[in-house]
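Enquirer: Next comes the sequence, and after it the predicted model I'd like to discuss.
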Amino acid sequence: MPEFGSFTLLLALALSTYALLAGALALRQLATGGRGRIEPERLLETARRAGISTFVVITCAAFALVWAAFTGDYSVSYILHHTNRALPTAYKFSALWSGQEGSLLLWAWLLSAYGFVLRMRHKVDMRLTAYASTILAAIQLFFLLLLNFAAPPFAIQPGPLQPDGFGLNPLLQYPEMVIHPPMLYLGYVGFSVPFAFALGALMMRYPGEKWIHITRRWTMVTWLFLTCGIFLGAHWAYSVLGWGGYWGWDPVENASLMPWLTGTAFLHSVMMQEKRGMMKAWNVWLIFATFMLSILGTLLTRSGIVSSVHAFAQSSIGDWFTTFLIIVFAVCLFTFFKQRDHLVSENKLESLVSRESSFLFNNLILLAACFTVLWGTLFPVLSEYVTGSKVTVGAPFYDRVNLPIGLFLLFLTGIGPLLAWRSTSLKSIKRNFILPGIAVAATAIILMSCGVHPWSAGDDMQATIFSLIAFSLGAGVITAISSEFLRGAGVVSTQTQKNIVSAMIILVRRNTRRYGGYIVHFGVVVIFIGIAGGAFNQSKEMEMGFHDSLTLGGYTVVCQSFSQDSNPNFDTEYALLDVFHNGKKITQLAPERRFYNASQQTSTVVADHSTLERDLYVIYEGKNPDTDRPIIKVFLNPLIAWIWIGVGIIVLGTFVALIPKLEPVAVREIPPAKVQLAGGDA
Amino acid sequence: MFKRSRILQLILVAALACTAIGATDRFNDLGHKIMCPCGCNEILVECNHMGCPDSTRMIGELHTQIDSGIGDRPILNWFMEKYGPTVLAAPMRGGFDNVAWIMPFAVLGLSTLGVAFLIRKWRVKTVAAPSQAVNAPFDSVREKIRKETEY
């Protein structure tokens, strides 16, 4: 099987090279009007088929690796280092992405899968798809070069054949880890498609905004995958790492957040191009930046430039990624300067108080957040270069800098949709903002009267202020969104004589994109509320013997027993804890500490009692060697569940936005006599 | 006399309680400004590794430093001297470290000014354009936009 896997990767490399060269040659001939021995159209068709075949061949390679994991082929170095016989079946499957070589193979396979779909749907616009397909083949070629020469997944382990593998990293032996990396990779890789279309459209000076319409679903689905991947990772960290939090601002987490931020900015600003023909250059660079940040994130975390807890992802392939990134940037820059006259805006901003300017500021804030994350990630390297000593840039930095930026973004989430395109009148502002304004003020007053007093919060003053603002703004944004729905449903109800619920469904179906977007915004607000709850976290640690109790915030945890167990994969120590709330038993929790035999590593299994109000989060920290009694740490984390619910709402909203609307989409018309205005784009 | 000594006792107890609360707050606050150096990349008071070679000792050192009555800055300096600058969870040594904090806000402020300037420039040019002849072709576009964006 390793020979078969290696052969398929070589074959995929050959096919990809052909798809790139044949595609580029044919497109060159079509652009210059030249003719070779083969008609360019036929050459393009062969390139397309080579691209499709690449998917089939890489699928075989991925299958070969999974097969080797299932059959325990420890002659393959990768399988030896990432699996063992006692590993449960699902985790044997996830071994495909648990190490460097496998995750690169997953990346290449997903890229080929996206390419397969794109090439099968080439009739949507054959010329533009041919450009995009050729660009995708170039990206594919890079990953296949890596897989064949820098990080081969089928490399044979030297020396005698081992009877069993070294096992999978215990942190990865968690159900979410079976879906979190593929989701994240679907997001990273997926941005290659809008990138390829944008670059292709620019290369061929594609008229109008059709490329945006073609890639809109790609971009949204990709964004959704990345969103789910990020939050699945956060949930995994919360459930497995056992430090009571869900986001540690580790470089790998930052690497996933950066393309998400620019991708979100792109999803917003692209609307300005669709509706007003504005921000063309800006949009092109946003999607370029999103793709490059996906690559940069991989470079940062795998090259060893910055240190990360994701040690399993570090290696020496940084030079490859650096070279690739430089080439991509050079191609983007060259194409942009060559074709920049094609990107001149057709319209200009007419008022500071308009939907367009809110999008501009939204983009500004998202990019400022992205810059902060990138700056914080790279500052240790810069500091070492300038001062000669490395520093740590951890959570206190990001919390302090990104929280105000996040709150401003929340504010814009509320006011943006209330502003009209082109210009908003004072009357309209008064009408739309009065209710949300009242909601903000009322929430702030209620919270303060309920005891949320930043002035008496001591060291937590800053966190309490941010929470107070977040809750108040959240109430304002929810009111704004609800009033938009109700106002629209009221109009539809009057028109159709249907009840308000039916009217709301019709309203949403008439403009799924707009109202789907509102639902996504609602989800974002719910997430912010969940994050703001973090200001009121409490924790307590205690060594607990039989029937010892620990009390925290109205909860009492009583130790019923503690014991240990064993199975072929791991040994475990655990405690059985009865949980009482206001004197009544509500549940029993069993936090664990596991010791994995194959990898000789430990891992935490958190016990969590989650409600809408708060999470009771319990960790088994280990045993006191002197008394042989377990040390239990209990956290009370308010509103955590809101974060996961918010993600669910975002998924729902994105699905709604993806549904075609009831009426056909109106495509922006280019006016016959355009206003010739000086200056470029944003 | 009894009453006065009782009041003094109460004040003393209250002061001790406040000090204890203050010490707990300080411990928590300072503990969140220090990293565990064991390689886990976690904040000192959040490191939960079984058998961590550093966190238990460092937490004890932090308690000792707080009990000695010195200020926050000298405590952080003490840890930095002993474990190196990477023990601090964020750049806070002054000098070049200040750049880390200033730069994001400087970039945000400058880009906000830039966008505001751009909007103003665009608006001036739009207003200067001849309105009647130019706006007529936009009417159909405006109508389409209205249909797309309003109910």
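Expert: Perfect, I can see it now.
Enquirer: Now do A:R49 against A:A137, distance only.
Expert: 12 Å (Cβ to Cβ, to the nearest Å). Placement of C-beta: from N, CA and C, glycine included.
Enquirer: The two - which one has more neighbours?
Expert: With neighbours defined as other Cβ atoms under 10 Å in any protein chain shown, A:R49 and A:A137 compare such that A:A137 has more, 30 against 15.
Enquirer: Isn't the more buried one up against A:A14?
Expert: No - between A:A137 and A:A14 there is no contact, the gap being 11.9 Å when judged by Cβ atoms under 8 Å.
Enquirer: Quick check: neighbours shared by these two?
Expert: Applying Cβ atoms under 8 Å, 6 or more residues apart in numbering or on different chains, one finds that no residue jointly contacts A:A137 and A:A14.
Enquirer: List phi and psi for the residue most central in space within chain A.
Expert: In chain A, the C-alpha closest to the average C-alpha coordinate belongs to A:L226, at a distance of 2.9 Å (Cα atoms, centre = their mean). Backbone geometry at A:L226, expressed as degrees, to the nearest 10, gives phi -60, psi -40.
Enquirer: pLDDT score for it?
Expert: If you check A:L226, the pLDDT there is 95.
Enquirer: swap in A:T494?
Expert: Confidence score, pLDDT, at A:T494: 88.
Enquirer: tally of neighbours for it?
Expert: 10.
Enquirer: for B:D67, same thing?
Expert: 10.
Enquirer: Same question for A:R217.
Expert: Residues contacting A:R217 under the criterion other Cβ under 10 Å number 12.
Enquirer: same thing with A:G394?
Expert: 24.
Enquirer: Quick one: residues contacting it.
Expert: Counted by Cβ under 8 Å, 6+ apart, A:G394 has contacts A:G248, A:W249, B:M35, B:N41, B:I43, B:A89, B:A90.
Enquirer: What residues does the last one make contact with?
Expert: So that's B:A90. A:T392, A:V393, A:G394, A:A395, A:P396, A:F397, A:R400, B:K33, B:A100.
Enquirer: Looking at neighbours, which among these is most surrounded?
Expert: A:V393 (26 neighbours).
Enquirer: leaving aside the residues next to it on the chain, what's closest to it?
Expert: In space, A:V393 comes closest to A:G376 once its chain neighbours are excluded; the distance is 4.5 Å by Cβ to Cβ, 6 or more residues apart in numbering or on different chains.
Enquirer: Over to A:F408?
Expert: Nearest non-adjacent residue to A:F408 (Cβ to Cβ, 6+ apart): A:I365, at 5.5 Å.
Enquirer: For that neighbour, grab phi and psi.
Expert: Here the main-chain torsion angles of A:I365 (degrees, to the nearest 10) amount to phi -70, psi -40.
Enquirer: Just give me the neighbour total for it.
Expert: Neighbour tally, A:I365, other Cβ under 10 Å: 23.
Enquirer: got a list of what it touches?
Expert: A:I405, A:F408, A:L409, A:L412, B:L108.
Enquirer: Show me the one in those that has more neighbours than the rest.
Expert: Neighbour max across those (other Cβ under 10 Å) = A:L409, 23 neighbours.
Enquirer: Average pLDDT for the helix or strand encompassing that one, rounded please.
Expert: Assigned by DSSP states H and E, A:L409 falls within helix A:395-415. On average, the pLDDT along helix A:395-415 is 88.
Enquirer: Which neighbouring elements make contact with that helix?
Expert: Here helix A:395-415 touches helix A:355-387, helix A:461-496, helix A:512-532, helix B:97-128, going by 3 or more Cβ pairs under 8 Å, 6 or more residues apart in numbering or on different chains; DSSP states H and E.
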